[in-house]
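S.K.: fold the following.
(2 chains)
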There are 2 protein chains.
Amino acid sequence: MKTRLPSLLVDIKEGVIDLGWGHPSPRLHPLEAVRAAADRLLSRGDTEPLQYGATQGYGPYLETLAEFLSRQESYGMSVDPRSLFLTAGASQGLDLTCTLFAREGDTVLVEEPTYFVIEGIFRAHHLSVRRVLTDKNGLDVDALEDMLENEGLRPRFIYTIPSYHNPTGTVLPEDRRKRLVELAHRFDFLVLADEVYQMIHFAHVPPKPVISFDSGPDGRTISYGSFSKILSPGLRIGWIQAAPTIVDRFADAAVTFSGGGFNHFASALVKEVIDMGLLDENIGRLRVAYSERADAMDLAIRSHFGGSVDFCKPSGGYYFWLRFPGGLDTVEFLPRAEQQGVSFRPGNAFSESGRFTDFLRLTYTLYEKEELEEGVRRLADVAASFVSG
Amino acid sequence: MKTRLPSLLVDIKEGVIDLGWGHPSPRLHPLEAVRAAADRLLSRGDTEPLQYGATQGYGPYLETLAEFLSRQESYGMSVDPRSLFLTAGASQGLDLTCTLFAREGDTVLVEEPTYFVIEGIFRAHHLSVRRVLTDKNGLDVDALEDMLENEGLRPRFIYTIPSYHNPTGTVLPEDRRKRLVELAHRFDFLVLADEVYQMIHFAHVPPKPVISFDSGPDGRTISYGSFSKILSPGLRIGWIQAAPTIVDRFADAAVTFSGGGFNHFASALVKEVIDMGLLDENIGRLRVAYSERADAMDLAIRSHFGGSVDFCKPSGGYYFWLRFPGGLDTVEFLPRAEQQGVSFRPGNAFSESGRFTDFLRLTYTLYEKEELEEGVRRLADVAASFVSG
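M.R.: Predicted coordinates:
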């Protein structure tokens, strides 16, 4: 029965340049790398990738991944494979964290604004979400400390995006990373650090991952990494890095044992990609392409909007976070923009508080430079007519 | 850093024929089929399998799967692709079901005995597990009705393995399937039907899946299928079949949207395997091999144990369920058996009630016939000496 069910998550209206989706560009998908890796993996007569995998993850994958991370300039730390756990992507890891480390009704913290789907994931586990302010340097650690010290807040965990924040693009400085870890130890909560953009840096590397400041055996930081932003989201492969006692909680979970390691086969494929040097190549290519796209979007915003929006050019990651100081309501504005052939993610999507109605998020990774330029031009035209009209 | 982390879930002591693991045989892993499918998938210049997938699952996979199921003799029903949802295996689907359809403290039902990991999955979600008796025809629907009618039990759902039950090998007759569905509607609970063995039938097909008796738009049955038993567990691919309103709950979950469809790439690979006719071939080969292995184990048990154990030869699936009527405690017996080079899963693993200490489960899928024969011979020798000693 043919039903025309969709193939992909992305859903773009005909004729619209949709700058709302935080997805990689189809042109940059490393099809040849995956093909070469699959050929090598499946040509040696080894059936292990087809069997149930080890609960912590396929050992050779974990070892290759540890070596790979240890030589990343943006990691700046030696990663022990025993501190890694194979996930089917950061989202799956975060969902499993809720199941294993939180109870219904627990208070958990998110940044405001934050990744627009995370509150939904936590709410599905019936957690009580509180929001912590951010500023141009990311999480406001003073505000967090105040909530802990003076409001008596006792969260189970905080979810944070330290490097190239979604949606703001900010980077949490090293001193804030250290203070966050101190607070986690003092007030006994976990830090869920979504570090999926850590390796997508442009001219400069970001501070080291939060877990590099919390790498002891009693560490309270769980770092979520993913191949979605550096290789391919369709493979659904990522990792957790945490203290061995925390890794054991994930590996010993009944659901992990039941199916064996998450995404065993695809992890064996990713191991080949890394071993063949194709991941390093791919990340290098992405950094160049995304940096050029960020430049193109930056230039387009400056030339088409003039000074009518506030923003900072990101130094890595995927996003521009634009504010209309005149108070334009980006939710009301969205249908008008789509009529004119451009779309975006309105600011209020990034907090269930309903704030940020005068913000919007643009992604520069999905389209080529010329399309980004044209998309921003359309957006500026509609904004001008929307304000004046 | 080399750490010798394990590659696989299976962990067998040197020199032991371990009949405890419900895993397929490495020799039967369809490496060439997966290789041919990967080659075809990655040779046509299509990058869609590498992008974020649609939340319900990759459309072409769902359509191919619906056609495949519709022509299975053991299904005997027309499957609509809109009633399917892509999972990363049955365990992942069951875990997500707990998150989306149950609340902490809810009562849920399992069969006694049941799949030995399922209570752990439910307990991780802080559900309250009650057990329902089974007999030689599977779930005792009279006992269930009594609990519902006379004890006032109001479960959120029941977890059942209708065909080739794990561990008992029983098959739920059609009339019980229908009565189970009636009870689910009358008392407003879901039926989670683990139907992963449905296609592993030998001489005769089992009754149709429970969902075939509950296929209306208000259906309360969720059927869990998997490629783990019919193709390869390492791929982590399965499906849910349910009423469209239930499918929507899975597809609209925040965690599903966050990462896109579960195991998108591997589902595209499985679609190729099906399209190339290689899944039909593989299942045909498995039925012959497993049927022969079941015959070999049956013969070995009869010849080496004589009448000292009670059991029924399974008509499909993976397992023999043996009872020692003399009351041998299989937990105490296990270390002695392993010393003599054979292992199994003791009966009390299959219910957290601690019952079934005089039972054990044997799997015939992981080993070749000669090894099965030798394993059963060792087991009978140890049992004889254990009883006499």
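
S.K.: state the pLDDT value of A:Lys2.
M.R.: Note on A:Lys2: pLDDT of 61.

S.K.: ugh, wrong one, A:Tyr164
M.R.: 98.

S.K.: and it, how close does it get to A:Tyr224?
M.R.: To A:Tyr224, A:Tyr164 is 14 Å away according to Cβ to Cβ, to the nearest Å. The C-beta positions use only the backbone N, C-alpha and C, and glycine is treated the same way.

S.K.: tell me the contacts of A:Thr365?
M.R.: For A:Thr365, the contacting residues are A:22-25, A:290, A:293, A:318, by Cβ atoms under 8 Å, 6 or more residues apart in numbering or on different chains.

S.K.: with just CA atoms, put the host helix or strand of A:Leu148 into PDB.
M.R.: In the assignment (DSSP states H and E), A:Leu148 maps to helix A:141-149. Extracted in PDB, the C-alpha atoms of helix A:141-149 (Å, rounded to 0.1, in the frame of the first residue of the first chain):
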ATOM      1  CA  VAL A 141      26.100  30.900  37.300                       C
ATOM      2  CA  ASP A 142      25.400  33.700  39.800                       C
ATOM      3  CA  ALA A 143      21.700  33.300  39.200                       C
ATOM      4  CA  LEU A 144      22.000  29.600  39.600                       C
ATOM      5  CA  GLU A 145      23.900  29.900  42.900                       C
ATOM      6  CA  ASP A 146      21.300  32.300  44.100                       C
ATOM      7  CA  MET A 147      18.500  29.800  43.400                       C
ATOM      8  CA  LEU A 148      20.400  27.100  45.200                       C
ATOM      9  CA  GLU A 149      21.500  29.100  48.200                       C
END
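
S.K.: pLDDT value on the closest residue to chain B within the stretch 201-350 of chain A, please?
M.R.: The stretch 201-350 of chain A approaches chain B most closely through A:Ala254 (2.9 Å), counting by Cβ to the nearest Cβ. For A:Ala254, the pLDDT comes out at 97.

S.K.: count the residues that sit near it.
M.R.: 18 (other Cβ atoms under 10 Å in any protein chain shown).

S.K.: that one contacts B:Arg123, correct?
M.R.: Yes - under the criterion of Cβ atoms under 8 Å, A:Ala254 makes contact with B:Arg123 at 7.4 Å.

S.K.: from A:Thr365, how far off is A:Ala37?
M.R.: Distance of A:Ala37 to A:Thr365, computed by Cβ to Cβ: 23 Å.

S.K.: check A:Leu180 too.
M.R.: A:Leu180 sits at a distance of 27 Å from A:Thr365 (criterion: Cβ to Cβ).

S.K.: which residues of the stretch 101-250 of chain A fall in helices?
M.R.: A:118-124, A:141-149, A:174-186, A:244-251 (DSSP state H, counting those that start in this stretch).

S.K.: so how far is the shortest one from its chain's centroid?
M.R.: It stands for helix A:118-124. How far helix A:118-124 lies from its chain's middle: 15 Å, per Cα atoms, centre = their mean, to the nearest Å.

S.K.: tell me the helices and strands packed up against it.
M.R.: Judged by 3 or more Cβ pairs under 8 Å, 6 or more residues apart in numbering or on different chains; DSSP states H and E, helix A:118-124 is in contact with helix A:90-101, strand A:107-112, strand A:128-135, helix B:254-259.

S.K.: the second one and chain B in contact?
M.R.: No - using Cβ under 8 Å from any Cβ of the partner chain, we find that strand A:107-112 stays clear of chain B, coming within 12.8 Å at best.

S.K.: ok, now the third one?
M.R.: No - contact between strand A:128-135 and chain B, assessed by Cβ under 8 Å from any Cβ, is absent, since the two come no nearer than 12.0 Å.

S.K.: packing partners of that strand?
M.R.: Against strand A:128-135 (3+ Cβ pairs under 8 Å, 6+ apart) you get strand A:107-112, helix A:118-124, helix A:141-149.

S.K.: now it: mean pLDDT?
M.R.: On average, strand A:128-135 scores 97.

S.K.: hang on, the earlier thing: which of A:Tyr164 and A:Tyr224 has more residues huddled nearby?
M.R.: Between A:Tyr164 and A:Tyr224, counted using other Cβ under 10 Å, A:Tyr164 has the larger neighbour count: 27 against 24.

S.K.: surely the more buried one meets A:Phe320?
M.R.: No - taking contacts as Cβ under 8 Å, A:Tyr164 lies outside contact range of A:Phe320: 11.3 Å.

S.K.: buried subset of the contacts of A:Thr365?
M.R.: Neighbour-count burial (16 or more other Cβ atoms under 10 Å in any protein chain shown) applied to those gives A:22-25, A:290, A:293, A:318.

S.K.: and of those, the nearest to B:Pro173?
M.R.: Of all the buried ones among the contacts of A:Thr365, A:His23 has the smallest distance to B:Pro173: 49.1 Å, by Cβ to Cβ.

S.K.: which SS class is that closest one?
M.R.: Secondary structure assignment for A:His23 (DSSP: H, G, I helix; E, B strand; the rest coil): coil.

S.K.: residues touching A:Val196, list them.
M.R.: A:90, A:224-226, A:228-229, A:238.

S.K.: one more: A:Leu362?
M.R.: A:Leu362 neighbours (Cβ under 8 Å, 6+ apart): A:19, A:297, A:319-320, A:322, A:344, A:375-376, A:379.

S.K.: could you dump those residues into TSV and include secondary structure and neighbour count?
M.R.: TSV is the format used below for the contacts of A:Leu362 (DSSP: H, G, I helix; E, B strand; the rest coil; neighbours: other Cβ atoms under 10 Å in any protein chain shown):
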residue	secondary structure	neighbour count
A:Leu19	coil	28
A:Met297	helix	25
A:Tyr319	strand	23
A:Phe320	strand	25
A:Leu322	strand	25
A:Phe344	coil	26
A:Gly375	helix	24
A:Val376	helix	28
A:Leu379	helix	27
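
S.K.: going by distance to A:Leu190, which of the residues you listed wins?
M.R.: A:Tyr319 (25.6 Å).

S.K.: residues of the stretch 201-350 of chain A that sit close to chain B?
M.R.: Counting by Cβ under 8 Å from any Cβ, the stretch 201-350 of chain A sits next to chain B at A:228, A:232-236, A:253-255, A:257-266, A:268.

S.K.: still on that earlier bit, most tightly surrounded among the helices and strands packed on strand A:128-135?
M.R.: Compared across the helices and strands packed on strand A:128-135, strand A:107-112 shows the largest average neighbour count, a mean of 22 (mean count of other Cβ atoms under 10 Å in any protein chain shown).

S.K.: return the list of strands paired to that strand, each annotated with direction.
M.R.: Next to strand A:107-112 in the sheet, as set by DSSP bridges, lie strand A:128-135 (parallel), strand A:157-160 (parallel).

S.K.: who touches the residue of the stretch 201-350 of chain A closest to chain B in this structure?
M.R.: B:117-121, B:123-124.

S.K.: can I get the lowest-mean-pLDDT helix or strand in chain A in CSV, CA atoms only?
M.R.: Every helix and strand in chain A was compared by mean pLDDT, DSSP states H and E; the lowest is helix A:369-388, with a mean of 93. Output in CSV follows, covering the C-alpha atoms of helix A:369-388 (Å, rounded to 0.1, in the frame of the first residue of the first chain):
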residue,chain,number,x,y,z
LYS,A,369,25.8,30.5,0.8
GLU,A,370,23.7,32.0,-2.1
GLU,A,371,20.5,30.6,-0.6
LEU,A,372,21.4,31.9,2.8
GLU,A,373,22.0,35.4,1.3
GLU,A,374,18.7,35.2,-0.5
GLY,A,375,16.8,33.9,2.6
VAL,A,376,18.2,36.8,4.8
ARG,A,377,17.3,39.3,2.1
ARG,A,378,13.7,38.1,2.0
LEU,A,379,13.6,38.1,5.8
ALA,A,380,14.8,41.7,6.0
ASP,A,381,12.3,42.8,3.3
VAL,A,382,9.4,41.2,5.2
ALA,A,383,10.6,42.6,8.5
ALA,A,384,10.8,46.1,7.1
SER,A,385,7.3,45.9,5.6
PHE,A,386,5.9,44.2,8.7
VAL,A,387,7.2,47.0,11.0
SER,A,388,6.2,49.8,8.7
